[in-house]
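[1] following is a predicted model, sequence given first.
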Amino acid sequence: MKSIKVLEMLNKIPKGRVTTYGELARAAKTSPRAVGQIMRHNKWPDKYPCYKVVSSSGKIHGYAGCLSGKSIRTKEKLLKKDGIAIKNGRIVMQRYVHRF
């Protein structure tokens, strides 16, 4: 099942790194939209850190479903706690992106 594979891949993202919907989709052989839906319905955010998935532009969004509807501010706090710098709602992708 692709959703389990995608969720398990989240645990391979090192601390201080993020990945994109597209990169995760490529590695799991699915679509970025499918990855978005999997993140949205992630019922175990403590086990599968969906906050580490961002857009390819580095923009932080798409956090309404993960962590029971918490805000983008929550996602930013978790990313900052991981040591990821955020400026104007974006991450410098060249510095922090994890590729599978």
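    Great, that's in hand. Residues are numbered from 1 along each chain as shown.
[2] from here on, contacts and neighbour counts on C-alpha atoms
    Will do.
[3] look up how far T30 lies from the closest residue to S55 other than its chain neighbours.
    Distance criterion CA to CA, 6 or more residues apart in numbering; nearest residue to S55, sequence neighbours excluded, is T20 at 5.3 Å. Note on T20: its distance to T30, by CA to CA, to the nearest Å, is 13 Å.
[4] mutual contacts of the two, please.
    Overlap of the contact sets of T20 and T30 (by CA atoms under 8 Å, 6 or more residues apart in numbering) is empty.
[5] between these two, which one's more packed in?
    Counted by other CA atoms under 10 Å, T20 and T30 do not tie: T20 has more neighbours, with 23 against 15.
[6] mind listing what the residue most central in space within the chain touches?
    Nearest to the mean C-alpha position of the chain, by CA atoms, centre = their mean, lies V53 at 1.3 Å. Taking CA under 8 Å, 6+ apart, we find V53 in contact with 18-21.
[7] dihedrals phi and psi, it?
    Main-chain dihedrals, V53, degrees, to the nearest 10: phi -110, psi 120.
[8] list the buried ones in stretch 45-53?
    48-53 (16 or more other CA atoms under 10 Å).
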